[in-house]
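# here is the input, now give the coordinates:
(2 chains)
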Amino acid sequence: DIVLTQSPALAVSLEQRATISCKTSQNVDNYGISYMHWYQQKPGQQPKLLIYEGSNLASGIPARFSGSGSGTDFTLTIDPVEADDIATYYCQQSKDYPRTFGGGTKLELK
Amino acid sequence: EVQLVESGGGLVQPGRSLKLSCAASGFTFSNYYMAWVRQAPKKGLEWVATISTSGSRTYYPDSVKGRFTISRDNAKSSLYLQMNSLKSEDTATYYCARHGGEYYGFSFAYWGQGTLVTVSS
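Just a heads-up that it's a prediction; the model follows:
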């Protein structure tokens, strides 16, 4: 199985930049596509897709969210952080079955 | 607008069975892979099952393989999850999710609100 590792929490100030990392135990790239996706989940709500295939912004997602990386190292950046962005963020790979998620990074206010 | 509405959750005793349903609308259901993802209380997300557009191919993690069965009825735009031999560790909110298709690839592009399954005696 491909294991995805995220830091459990990140403290950030409003209007600053937040960088959330996700490291995978195996390469999740294939034919030039990174099979890495990012989701936001607020308490009591279902997850929402933010970024697909490494760096593509899902429809309706603000441009302050961006994704980068390749191979085994990926980053979700929020710049600048707004109060509405306080949530838990998950990475997920679709290179192989079983599909796996990172443990989630809880974004907190400093 | 894509809508996914789960139903069928509830309290069930260990070893018993439960069947979840997901009613889909706002898109051509038969064109998309579908999935179930669960989340135990205060825990992270865990993929549970995926089914191809026709239903001919299904995929499961080892944690549920042989106990859970995903199926679909394209005529009814509905997705199902039959859960047998339930264990306490299956307690979770179960989300129905639509894969991305041509625009979002194999991400989980849309999610339902979830239905809570509690396995306890």
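# tell me what residue B:81 is bridged to.
residue B:20, residue B:70 (DSSP bridges).
# ok, the closest residue to residue B:93 other than its chain neighbours - contacts?
Nearest residue to residue B:93, sequence neighbours excluded (Cβ to Cβ, 6 or more residues apart in numbering or on different chains): residue B:114, at 4.1 Å. For every residue, glycine as well, the C-beta is placed using N, CA and C. By Cβ atoms under 8 Å, 6 or more residues apart in numbering or on different chains, the contact list for residue B:114 reads A:46, B:6, B:39, B:93-95.
# same check on residue A:40?
A:47-48, A:50, A:85, A:87-89.
# go with 10 Å
A:47-51, A:61, A:65, A:76, A:78, A:84-90, A:107 (Cβ atoms under 10 Å, 6 or more residues apart in numbering or on different chains).
# one more: residue A:5?
Residue A:5 neighbours (Cβ under 10 Å, 6+ apart): A:21-25, A:72, A:91, A:102-103.
# make it 6 Å
Contacts for residue A:5 (Cβ atoms under 6 Å, 6 or more residues apart in numbering or on different chains) come out as residue A:23.
# what's opposite it in the beta bridge?
residue A:23.
# mind checking how far it is from residue A:102?
Going from residue A:5 to residue A:102 by Cβ to Cβ, to the nearest Å gives 6 Å.
# just residue B:31 next, same as before
Distance from residue B:31 to residue A:102, by Cβ to Cβ: 29 Å.
# secondary structure element holding the nearest residue to residue B:79 once chain neighbours are set aside?
Spatial nearest neighbour of residue B:79, excluding adjacent residues (Cβ to Cβ, 6+ apart): residue B:22 at 4.0 Å. Element membership for residue B:22 (DSSP states H and E) is strand B:18-25.
# cool, thanks, signing off.
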